[in-house]
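[1] Let's see this in three dimensions:
(chains A and B)
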Amino acid sequence: MNPVSIRNIAKWYGEIAGLNKVSLELQPGITGLVGSNGAGKSTLMKILTGQLKPSCGQSLIYGMDVWKTPLVRQRLGYAPEGDTFYEDMTVLAFVRAMGHLSGLGKSADRFAREALEKTGAIEFSDKRLRACSKGMRQRTKLAQALVHKPDILVLDEPLSGIDAGGRREILRLFEELASTGVTLIISSHILDEIEAVTSRIVFMAQGQVIASGCLTEVRGLLKNHPQKLLITSNAPRKLGSRLLESGLVTGVVFNQQEAGVREEDIVLRVPQVERFYRKLPDLVIELDITIERLIPLDSSAEAVFGYLMENETEGHE
Amino acid sequence: MNSWLYLVYFSFRRQLRPQRLVVSFILFVAIALLVGLMGLTNPWSVQGFARWILGLPFCRFFLPIITLTLGAAIIGDDREDKTLVYLTVRPFSRWSLYLAKILGSIPLALGIAVGAFFGICITASICGGLSSPLGTVTWLFLPTIILGTLAYLTFFGWLGTVFRNATLIGIAHVFLVELFMSQTPGVLKRISISFYVRCMLYDAGKEYGVGPRNKVMFQPVDGGDAAMALIAIAVGFLLLGMFWFSRHEYRDLT
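    Next up is the predicted model:
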């Protein structure tokens, strides 16, 4: 049984569709949730955590409807996007209280300290929340989500407001949790960082899932956007013309003015990347050249998201 | 169960905000001063004390206002501060969450109401030489104060779950319904909680001559019926609040 199963969910706010026919099956590990503002990420997360009731469809946690079965929320941790707290409480008191509310009883204090240790918030655990910086508050929010050691963590923009060093620490923590079998669903607008910890991404736009799966698979499916590959060899012109002749590429650009592109580099537009990779070694032997480097230029989450959005816009036009 | 009991305690602690206690204290001091000054000029009789203090400023203004500040805050504070999300994501059904929050508010509401009631009774006894022993008077009217507090609290609690600006609506209700409408002749006043509180009050003190100035115009109901009405209001609005909260989505949680 998948930890998270979202079946045909729609959420209407009057005449506006917040979510439309969303279906997802999520497995342990990290899943990134990517989309621009208003794409439906937060609505999906709120439905997933039982904050909102779907207009139709079901949101299941270990096979149980999260809206109808409150007890299943014991297995769920949620860090909302909003920067709101019980401001007069200290960091430790807040996380401990959340532990008590999650059913930890007498162990709440120990678990709270552990969670604060993990998120790097233990140093300021005696500080009142109203006196904490944005970064400290983000760490506290994370600590309250994982205080009861949930099996599923839903984190809405958990990295915002945290400095670069802190982000690395938090991402390491996510990887650590994922390696112990926790299911993490993370929404973030910092796509590079999501990509650093997972290749499993759900792309959302206008209340719908426009693509989901492994990033390279999703990229491969974007047929109308041939992949850009940068290739450095000792005979760029010879290689370029041979590749065009073979039909493996639809375009070759020399001297492309782009960051990181050198004079001897060529940028290829490759419609079928797998076929290209299969045939390239034969061509190299045939031409008797050497390849110094081969870098995909637009297979990052950000680039893929850009293409998906382009497709969406074209589709609507 | 432990986590739910903790939620009751947590809700109680959240209600202990200094501003709220200060409002109650200021109102109490104002009524106590009134009791003291009036008692010094003209010693209190049970009848006068019940009619001019308990029946008017205490039950129709002090009780509604303090229960409004507490009741509207039961859900309203968390909505306003956007902290409700930390509670609704925990393993409680919505109705039990609401119940815990109400139960967490009851000790404070009763504490303030009963404490203030004892306070003004003592003031009346010291400054105005209340004509009957202090203990007799306080025990006589205590059930009315308790039931009135519970009825008001659950009503304002429900109001807080339904409206975002429940405090403003509550203030309008206190002035229009509890103060003004409860004075009008006819049966319209029966929609106010204060009507039943006063009926119970008059019934409790009838052997001391406590009663409405104009019985024909006031048309009181029997004390037992008034008590039943207050219990029904308290239980009814508690259930209504639980039902409403369990069905309602708060999109502004975060």
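[2] hang on, B:Val210 packs against B:Arg198?
    No - counting by C-beta atoms under 8 Å, B:Val210 sits too far from B:Arg198 to count as a contact (10.0 Å). C-betas here are computed from N, CA, C, even on glycine.
[3] the more surrounded of the two?
    With neighbours defined as other C-beta atoms under 10 Å in any protein chain shown, B:Val210 and B:Arg198 compare such that B:Arg198 has more, 27 against 22.
[4] Pull the number of nearby residues for the residue lying closest to B:Ile171 once chain neighbours are set aside.
    Excluding the flanking residues, the one nearest B:Ile171 by C-beta to C-beta, 6 or more residues apart in numbering or on different chains is B:Leu68, at 7.0 Å. By other C-beta under 10 Å, the residues close to B:Leu68 number 26.
[5] so B:Leu68 makes contact with B:Gly170?
    Yes - contact criterion C-beta under 8 Å: B:Leu68 and B:Gly170 qualify, at 4.2 Å.
[6] Need the residues touching each of these two.
    B:Phe156 (C-beta atoms under 8 Å, 6 or more residues apart in numbering or on different chains).
[7] Now do whichever strand or helix holds B:Leu153: which elements does it pack against?
    Element membership for B:Leu153, per DSSP states H and E: helix B:134-162. Where contact means 3 or more C-beta pairs under 8 Å, 6 or more residues apart in numbering or on different chains; DSSP states H and E, helix B:134-162 is packed against helix B:63-80, helix B:94-128, helix B:166-173, helix B:193-204, helix B:223-247.
[8] Same list, those helices, but as TSV with distance to A:Leu146 and mean pLDDT please.
    Shown next, in TSV, are these (distance: least, C-beta to C-beta, whole Å; pLDDT from 0 to 100):
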stretch	distance to A:Leu146	mean pLDDT
helix B:63-80	22	90
helix B:94-128	22	93
helix B:166-173	34	90
helix B:193-204	45	92
helix B:223-247	27	94
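[9] Tell me which of these sits nearest to B:Tyr152.
    B:Tyr152 lies closest to helix B:63-80 among these, at 3.8 Å (C-beta to C-beta).
[10] And the helices in the stretch 101-250 of chain A?
    Assigned by DSSP state H, counting those that start in this stretch, the stretch 101-250 of chain A shows helices spanning A:108-118, A:134-146, A:164-179, A:191-197, A:215-221, A:236-246.
[11] how near is A:Val154 to chain B?
    9 Å (C-beta to the nearest C-beta, to the nearest Å).
[12] Surely that residue and A:Ala79 touch.
    Yes - applying C-beta under 8 Å, one finds A:Val154 in contact with A:Ala79, separated by 7.5 Å.
[13] Find residues that contact each of the two.
    A:Ala145.
[14] can you tell me which of the helices of the stretch 101-250 of chain A the model trusts least?
    Per-stretch mean pLDDT for the helices of the stretch 101-250 of chain A is lowest at helix A:215-221 (a mean of 71).
[15] what ranges do the strands span in the stretch 201-317 of chain A?
    A:208-214, A:227-233, A:251-254, A:265-270, A:291-296 (DSSP state E, counting those that start in this stretch).
[16] which other helices and strands contact the shortest one?
    Same thing as strand A:251-254. The contact analysis (3+ C-beta pairs under 8 Å, 6+ apart) places strand A:251-254 against helix A:236-246, strand A:265-270.
[17] Could you check it and say which residues are buried?
    For strand A:251-254, burial by neighbour count (16 or more other C-beta atoms under 10 Å in any protein chain shown) applies to A:252-253.
[18] For it, which strands pair with it and how are they oriented?
    With DSSP bridges as the test, strand A:251-254 is paired with strand A:265-270 (antiparallel).
[19] what's in contact with the strand it pairs with?
    Contacts to strand A:265-270, defined as C-beta under 8 Å, 6+ apart, come from residues A:226-233, A:236, A:239-240, A:243, A:248-254, A:256, A:258, A:261, A:276, A:297.
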